[in-house]
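Peer 1: the following comprises the amino acid sequence and a computationally predicted model.
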Amino acid sequence: MIVSKSKAFSFLTMLIIGLSLLLSCKDKDLPQAVGPTAPLYIINATGDTIDFFVNGTRQNNTTPIYPGGAIGYLPITIGAQSYSYKKDGNPDVLFTFPYVLNAGSYYSTFVGGESANETFIHADALDSATTILQADSPAYANCMVRFVHASADTATLKVTISSLNSKGVDSINTSFENCAFKYVGLFKEVIGGSKTIMVYTSGSNTPRIDTTLILTAGGIYTLFTKGGLKGKGSAAYALNLMTNN
């Protein structure tokens, strides 16, 4: 069969266009592979704005993850995947590590620094926390809260959560003791409302952080530290709050 020069040229042109489109998509945000997923929260405890990738595909497509901020719960394909992080606007990968998510579980990843050793993933017991709220507080007068030590360069911590009693004196509702880096506390039940939260470094009676936060009744919360004791600006040491439900 004889192919005319015009048809051959047309075919070659379409082939070149197709290859160009394919190459142009190489570094763009591509859709997640189809399959069963598990919800994954990404918490940025560093002083940098970061992006999160699964198998080379960026997941936080609508906004970068700012210092002390979080994105989630993202639907991530279960099974063995390769997770990587980059500073927003920088093509270089900070670090990559594999992890296996299982169906039926919620997860949180805390990025505490610029290496895999300073980052950790934890399965979140949201179902049991919700069950406790429903059993002990049918009207949802209480809430659940946990503490996570996500500051890589900070010593062991103690955290207290208190509220004013009827006499106007702080009464400790709960505390988290001996919290080393990567510590993830259990969700604990407290009465909703205004809470005084203090963070102490090991052996000190002077709080490094003394702040007041509102924990709304019915909420399931994570308190986490970010930055470092010597950090400044976006890397300054601080206590942040995220909502898990």
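Peer 2: That came in fine, so what should we check first?

Peer 1: contacts and neighbour counts: CA atoms only from here.
Peer 2: Fine.

Peer 1: any low-confidence regions in this protein?
Peer 2: Confidence mapping of the chain against pLDDT under 70 gives the ranges 1-34, 137-140, 165-169.

Peer 1: domains for it, by residue range?
Peer 2: Following automatic domain parsing, one finds the domains of the chain at 37-124, 126-243.

Peer 1: possible to save those domains as TSV with mean neighbour count?
Peer 2: Conversion of those to TSV gives the following (neighbours: other Cα atoms under 10 Å):
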stretch	mean neighbour count
domain 37-124	18
domain 126-243	17
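
Peer 1: chain center to stretch 217-230: distance?
Peer 2: 11 Å (Cα atoms, centre = their mean, to the nearest Å).

Peer 1: what's the end-to-end length of it?
Peer 2: End-to-end distance of stretch 217-230: 35 Å, with Cα to Cα, to the nearest Å as the criterion.

Peer 1: tell me where this structure has helices.
Peer 2: Per DSSP state H, the chain carries helices over the ranges 5-24, 126-136.

Peer 1: from Gly69, how far off is Asn240?
Peer 2: Distance of Asn240 to Gly69, computed by Cα to Cα: 8 Å.

Peer 1: for Thr37, same thing?
Peer 2: Distance check for Thr37 against Gly69: by Cα to Cα, it reads 23 Å.

Peer 1: and if you look at Ala238?
Peer 2: 12 Å.

Peer 1: what does Thr63 give?
Peer 2: 11 Å.

Peer 1: same question for Gly89.
Peer 2: The value you get for Gly89 to Gly69, if Cα to Cα is used, is 17 Å.

Peer 1: then Ile197?
Peer 2: Counting by Cα to Cα - Ile197 and Gly69 are separated by 19 Å.

Peer 1: appreciated, that's everything.
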